[in-house]
Structure formats: C-alpha cells, structure tokens
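Visitor: got a predicted structure plus its sequence, pasted below:
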Amino acid sequence: MSLIEKPNESTRNGFNLTDHFIIKIPDDYGSFWPKECCIHQIPRNLRDLNEAAYTPQFISIGPIHHGKPELASMEKYKYLYLQRFLGRTKKKLETFVDFIKDREQSIRVKYSDPYKNLNSKDYITMILLDSFFIFELFGDQENAECTNDCMLNKIWLRVGIQNDLVLLENQIPYSDLADLYSFAFPDDPKRQFYALASEYFGNYNPNMIIIQEKGILHFTDMIRGFMSQALEPKPITRNIKYLKVPAKRLAQAGIKFEKIENGNLAAVNFHKGVLKLPQFEAYDTTELVFRNLMALEQSEYPKSSYITSYILLMDFLINNDKDVSFLVETGIIKNGLGSSQAVADMVNKLCRNITESNFHFQGICDDMNRFCESRWHKFLSIWNGEYFKDVWHGTGTIFGFTLVLLSFINSIWSVSRIVNVMIK
C-alpha cells in the first residue's frame, strides 16, 4: 500500500510539486499501544542475545506463537484437556464460547499486536483451548494421583511446560483466565484460581508470599510479584554510578556480606558495613526467568524495576569467577551450574541492551563506595588484597610476620644481656 498520493500531472507548470503530495494515513492506525496492553513482544535487540530464553519450546499460549509448526505436537493435548474440563464443569462448550466472544476485543487490546490475521472464530477457539489446558494442568498439580495422560508424569515435560508459561510472550491475561475459571465453577469457593496458580508456581514463591490478585497482569507478572515486594517506595536514580570495586574487594575493605532469608529481591540493605542481600540461585532456567522478568519491567514497570536493579547490583558485585566463589561461600549465591565462571558470565550478560534508567540501589552503592574510600578501609583493602588474597599468601604472610617478630624478640633479648653484663 502506497502512502504517497501523487497529484494530477497538469499541476506541474508553475507550481512546486512538493506542495501537492499528500501523505495517506490508513484508517486502522491508532496509538502505539492502548493503555490496557500488558503483553508485549520482546524487542529484537533483546531477543538476539538469547532467542531460546524468550521462545516457547513445548507449547504455545496466546496468539504470539500460535500455529508454529514446531509446537504443533502439543495441540492434541489441548483437545484432550478440553474434554476433561467440560466433563468436570458439566457445562456446554457453547456457553464458554459466548463468554469469550463478549470479551474478545478487550482481550485483543491487551496484546501489543491485535493479530487481525486471526478471525473471531479462530481467536476464540485459541483462547478457550489454551485456557482449558492451563486449568487442567493446574488441576493435575492439585491432585495427588495422575492418569497416564497427566503432564506431571513426565518430569522433562513438566519442567519444560512450566518454563514456557513463564515467558512474557506466552501469556493470556490473568484477569480473563480468573474470570473464565470462576464462570466455570461459580458455586465452589474451594476452586480459587489464584490458589491453583500460586501452587503451580510455588517454586518461585518458597516463602508463600500472598500478592494482590487484582493487579496481576499474567503469570510472568505473578512471578515478579512473588520475587520482589517493595516494603516502602525506593528512591529512583537516573544517573547511575557504578560500584568501584566488586564483591571480593569490598570484603577486603571490611564490608561483611549476609544473606537475607525472605527471598525478596527488593530488600537489599547496607548498614554499618554490612551488606544484606537475598540469595541468587543459579540454575539452568535462571537466565530464562530473569530475562523475561526484566523485559516485563522494561515495558510495564519502568519506575519500579526492582528485578532489574537487583541484577544490575549483582553485575556490579561480580567481575569474575573469584567474586562468584566468594559469594557462594557467604551464601549469597547458590550455584547450581557447577562452574563459578558460568555464573559470572550469565550475570554479566543479563543487563546487556537493558535500559538502565531507573536504579533503586544507587544509595547503597554510594554508601559502599564511601565506605571503601576511607583511609583505614583503603589500607585494609590493600593489605588483604596483597598479603591475604588466598590461603598460601595468608600462610606466607603469617609465617613471615612470625619470623620478624621472633627476630625482634631475639634482638631485644640479646641487647638486654649485653646491658646486664655491662652493668655488672
């Protein structure tokens, strides 16, 4: 479709042609995204860093990855779970079709792309199949016994599907899922969708934190709520100043590291030379989770980007494998990857192409920089860095110091004997 409409050639003589060109704006062009939009596609500059971290490997949920051939093998399970769900609800499929049909447009606007290539029938079918699949998957989690078609019987598939349900691009709006579930079970207070969802994602919420259900956008947002709860508004710094030294050098300057047990990534604290941090757990799925949470904060939470701020702080603290090994010793890092260098590489890559415009822990970094710049702590840093940087240097330093001390004592004893002889 051409955007330029050219005027009649007869206008050439005596006129400036640029005055007679018209830019045609298509009628269906509106604003960038409606305010209801909460499910965005990952920007290309982030996706190029790690395609697999943003792309479902087993199952598509919602329209963004719908219809991809590599995910087609799971579609049969959606129809199987459809039958199971209808058997539990005792309602006709037509009632659910009507329910989603009334909400179709409000669901579409919650995606950054309305996917107009999907007609109404296909769109409603997709939403229902994906929703029923999620309901039955969560129900399997609740039931102690699973049938042969239960996803939980195959651990590799169970883990893979949960990873896919974490992805920002692989979501259905939470409010629509919850309303559909309540419509299916209106008279059973025990069947609460929030309880099922929080149990399914319980590995991201070991402390059983309860968040406000009303504000949940989708499952990615729910996990973010489990992992970061700001107890009070954190100051925002746009002019980010880096930590001048990494973790091990901070420790050499006298800063102590303590692990926070509650797992709240927003609860970082520095007071009287003690840096308290929630534990960073490094596993095979860690990069996937944090990349999607950080992508969510880039689009929805630019002024409360606690996950991004936490990862940025960890990036400041970790320069190499030695910093990781030290943080493992202090309990700040739980290394499930085995290699300290692998953890360092992962953390240092997470903030690439992330807009670091709002940093919530700048005050903590400033306090630690000032702490290290005092004369005494500078001396400690140099002393510990040069003479106690490992067990061999430390042992050699102690041994050398002992020899010097013994020599000094021997010299005093010799001088004392000479003085006593002279007095006599």
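Guide: Ah, there it is.

Visitor: where does pLDDT dip in this structure?
Guide: For the chain, the stretches with pLDDT under 70 are 1-33, 142-152, 189-191, 231-238, 375-424.

Visitor: roughly how far apart are the most centrally placed residue in it and Tyr310?
Guide: Nearest to the geometric centre of the chain sits Phe290, at 2.5 Å (Cα atoms, centre = their mean). Plainly put, Phe290 is 9 Å away from Tyr310 if you go by Cβ to Cβ, to the nearest Å. All C-beta spots, glycine's among them, are computed from the backbone N, C-alpha and C.

Visitor: now the helices for the stretch 251-400 of the chain?
Guide: 286-300, 306-317, 321-329, 340-350, 362-373, 375-387, 391-423 (DSSP state H, counting those that start in this stretch).

Visitor: wait, doesn't the residue nearest to the centre of the chain sit right on Asp315?
Guide: No - Phe290 is not in contact with Asp315 according to Cβ atoms under 8 Å; the separation is 11.3 Å.

Visitor: overlap in contacts, the two.
Guide: Taking Cβ atoms under 8 Å, 6 or more residues apart in numbering as the contact rule, Phe290 and Asp315 both touch Leu350.

Visitor: which strand residues bridge Ile260?
Guide: For Ile260, the beta-bridge partners under DSSP bridges are Pro278.

Visitor: how close does Leu118 sit to Gly67?
Guide: As for Leu118, its distance to Gly67 is 9 Å (criterion: Cβ to Cβ).

Visitor: tell me which of those two has more neighbours.
Guide: Neighbours were tallied for Leu118 and for Gly67 using other Cβ atoms under 10 Å; the higher tally belongs to Leu118 (16 against 13).

Visitor: isn't Tyr310 up against Ser228?
Guide: Yes - in this structure, Tyr310 is within contact of Ser228 by Cβ under 8 Å, at 7.3 Å.

Visitor: where do the contact lists of the two overlap?
Guide: Overlap of the contact sets of Tyr310 and Ser228 (by Cβ under 8 Å, 6+ apart) consists of 265-266.

Visitor: what about the nearest residue to Arg108 once chain neighbours are set aside, how many residues nearby?
Guide: Spatial nearest neighbour of Arg108, chain neighbours left out: Pro114 (4.5 Å); criterion: Cβ to Cβ, 6 or more residues apart in numbering. Other residues near Pro114 come to 18 when the count uses other Cβ under 10 Å.

Visitor: again with Glu70
Guide: Neighbours around Glu70, by other Cβ under 10 Å: 11.

Visitor: likewise Glu261?
Guide: 11.

Visitor: assign the residue nearest to Arg108 to helix, strand or coil.
Guide: Here Pro114 is recorded as coil under DSSP: H, G, I helix; E, B strand; the rest coil.

Visitor: wait, it touches Ser106, no?
Guide: No - using Cβ under 8 Å, Pro114 is not in contact with Ser106; the gap is 11.3 Å.
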